[in-house]
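Asks: Pasting a predicted model and its sequence here:
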Amino acid sequence: FVNEPEFVNELVSLLQSGDEVPEDIRVYAIRALAAQAQDRPRQSNVLNVVSAGGHRGVLPSLVQKAVASLTNESGTCSIPFAEALLFLVTVLVSSSAGCAALREAGLIPTLLPLLKDTSPHHIDLVISAVHILEAFMDYSNPAGNLFRDLGGLDDTITRLQYEVTHIEHRAKDEHGEMEVSDSNIMDCSSQQEILVPYRHRLLLKALLRAIALGTYASGNTTRLHGSEESALPACLCTIFRHAKDFGGGVFSLAASVMSDLINKDPTCFPTLHAAGLPTAFLDAITADVLPSSDAVGCIPHALDALCLNHAGLQAVLDSKALECFVKIFTSRFYLKALSGDTPAAIASGLDELMRHAPPLRGPGVDACINILKRIRMIGGADTPDTEDSDVPTPMDMDSGQQISSLKEEIKTIQNDLGDDAISEAFLLECINNSIQMLETMFQTADTCRAFIEKKGIEDLIKLYSLPRLPISFGGTSTAYNLFLTFRSFSSH
């Protein structure tokens, strides 16, 4: 290509020829331009050629004609040709220079009509268009304001409402059929595959990210209005209430949008509360959190946003939302979700939450202690009613009822574990995940002090004497991490 400097111009001339050149040849020309643009040193040359002339440039004109053809169903533009065009635009907007040039060429208003295109055959085109709009807003603050001023945010929320409502109705129909059939027992992942196809999940995620960027438009200080105030909270409520159907990624993005709305304008909480949004989120996490790293990782930050309002803080306290982490850190169901740095990320979020909302420090420490007590029971230690007389009951349940419930749950866990090797591996995973969380949380003196005052350090020490621990536990990395957790006490 170095020896052919006119190659890009020749490709563009093929596109300018229109119907004189077969469409498949023009599609290949667009793909070749995209391949050139993916090479950063050559991208500026491609960008200058295809965007020359502003609104009348080659690429803006082609995109405008393609979108008009698709939305009007005139049939003059094929889907492969439109996909190739949007792919080229996606490559070009991956840089700030490309975003600026194509924004000035008028591509934002050109792409907005695709948000209203509900044809199932065009869903990939809509996903690409939303990703491009997202890139515009991410790289350029003026693009976010323009997107909002042109009604793009309202159109995006309307499209989200359409998709969510469609999936909600489909979920209800399929759940109804499952109740009638004999084979109505299946895990969450299989339900997600059945109810929400992969492309629709991609579209939902793209729409939620675009909404998050659109509501965060620089310089925008207005409160919720229009569809933001009515349709958006209702959509988020539906996602929270049908979390298992939508999946962890969509759930996490919905929680992020809720947090952004409150953080941007804490006075909007009464509006969201009236729509039932905080209640729907709290119900979702106190029932059964999805076994996804995205879903469990978004909880502390969402709770932090809710606690900016006194009513929200009280709702979090009343729902005992922090107790959801007890099951998350002591269930095989969540082992994969807690892989990597997820426990440390959760701990950082919880630490920030307890610093911003001191009334939650006590329930947060109680949840940590309950995690350790459940790990002891999984490890074969005596149950609380025979060994401890001062077991904290943060869930405000009757003591006998709580112990009985805990025994039944531990029996179920131990039955599921199988042989001793699996039991030992699961126990080590539980210990390792919990101490990763505790070590991060103990960097704060107040949390460390509260943990000691509640005799949590005694439960931590008793982890060394669990009957189910392997004989070689002392030489494992888990034992070393446990030792490092004790070291964190010395600095306070």
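Replies: The structure has been received and is ready for your questions.
Asks: how near is Glu83 to Asp124?
Replies: Separation of Glu83 from Asp124 (Cβ to Cβ, to the nearest Å): 7 Å. To be clear about C-beta, it is placed using only N, CA and C from the backbone, and glycine gets the same treatment.
Asks: Who has more neighbours out of the two?
Replies: Glu83 (18 against 15; other Cβ atoms under 10 Å).
Asks: which residues touch the closest residue to Val21 other than its chain neighbours?
Replies: Nearest non-adjacent residue to Val21, counting by Cβ to Cβ, 6 or more residues apart in numbering: Leu14, 5.4 Å away. Listed by Cβ atoms under 8 Å, 6 or more residues apart in numbering, the contact partners of Leu14 are Val21, Ile25, Arg26, Ala29.
Asks: Type out the PyMOL command that picks the buried ones from the residues you listed.
Replies: Buried members of these, defined by 16 or more other Cβ atoms under 10 Å, are picked up in PyMOL with:
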select buried, resi 26+29
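Asks: Dump the contacts of Leu14 to a markdown table, plus secondary structure, distance to Leu111 and pLDDT.
Replies: Shown next, in a markdown table, are the contacts of Leu14 (DSSP: H, G, I helix; E, B strand; the rest coil; distance: Cβ to Cβ, whole Å; pLDDT from 0 to 100):
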| residue | secondary structure | distance to Leu111 | pLDDT |
| --- | --- | --- | --- |
| Val21 | coil | 25 | 86 |
| Ile25 | helix | 25 | 92 |
| Arg26 | helix | 20 | 91 |
| Ala29 | helix | 21 | 92 |
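Asks: Report the two of the contacts of Leu14 separated the most.
Replies: By the measure Cβ to Cβ, Val21 and Ala29 form the most distant pair in these, at 8.1 Å.
Asks: Run through who's touching stretch 235-246.
Replies: With Cβ under 8 Å, 6+ apart as the criterion, stretch 235-246 contacts 157, 160-161, 164-165, 167-168, 171, 188, 191-192, 195-196, 201, 204, 250-251, 254-255, 257-258, 275-277, 280-281, 283-284, 288, 290, 295.
Asks: Show me just the buried residues among those.
Replies: 157, 160-161, 164, 167-168, 171, 188, 191-192, 195-196, 201, 204, 250-251, 254-255, 257-258, 275-277, 280-281, 283-284, 290, 295.
Asks: Any regions of the stretch 301-450 of the chain where pLDDT drops low?
Replies: For the stretch 301-450 of the chain, applying pLDDT under 70 flags the ranges 382-422.
Asks: just to revisit the earlier point, taking the contacts of stretch 235-246 one by one, which sit in helices?
Replies: In helices, defined here by DSSP state H, the members of the contacts of stretch 235-246 are 157, 160-161, 164-165, 167-168, 171, 188, 191-192, 195, 201, 204, 250-251, 254-255, 257-258, 277, 280-281, 283-284, 295.
Asks: Who are the contact partners of the spatially most central residue of the chain?
Replies: When Cα atoms, centre = their mean is applied to the chain, the residue found nearest the centroid is Ser252 (2.8 Å). Applying Cβ under 8 Å, 6+ apart to Ser252 gives the contacts Ser292, Asp294, Ala295, Gly297, Cys298.
Asks: so what's it closest to, chain neighbours aside?
Replies: Asp294 (3.7 Å).
Asks: Let me see the contact set for that neighbour.
Replies: Asp294 touches Gly248, Gly249, Phe251, Ser252, counting by Cβ under 8 Å, 6+ apart.
Asks: Among these, which pair sits farthest apart?
Replies: Pairwise over those, using Cβ to Cβ, the maximum falls at Gly249 and Phe251, 7.2 Å.
Asks: what is in contact with these two at once?
Replies: With Cβ under 8 Å, 6+ apart as the test, Gly249 and Phe251 both reach Ser292, Asp294.
Asks: rewinding a little: what's the pLDDT at the residue nearest to Val21?
Replies: Note on Leu14: pLDDT of 88.
Asks: Kindly report the same for Leu232.
Replies: Looking at Leu232, its pLDDT stands at 92.
Asks: name the element it belongs to?
Replies: Using DSSP states H and E, Leu232 sits within helix 227-241.
Asks: Centre of the chain to the helix or strand following that helix, how far?
Replies: Going down the chain from helix 227-241, the next helix or strand is helix 243-246, by DSSP H and E. Offset of helix 243-246 from its chain centre (Cα atoms, centre = their mean, to the nearest Å): 12 Å.
Asks: ditto for stretch 208-215
Replies: 13 Å.
Asks: which outside residues touch that stretch?
Replies: With Cβ under 8 Å, 6+ apart as the test, stretch 208-215 has contacts from 130, 133-134, 137-138, 144, 147-148, 152-153, 156-157, 160, 228, 232, 250, 253-254, 256-257, 260-261, 264.
Asks: Return the members of the residues you listed classed as buried.
Replies: 130, 133-134, 137-138, 144, 147-148, 152-153, 156-157, 160, 228, 232, 250, 253-254, 256-257, 260-261, 264.
Asks: which SS class is Gly380?
Replies: Classification of Gly380 by DSSP: H, G, I helix; E, B strand; the rest coil places it in coil.
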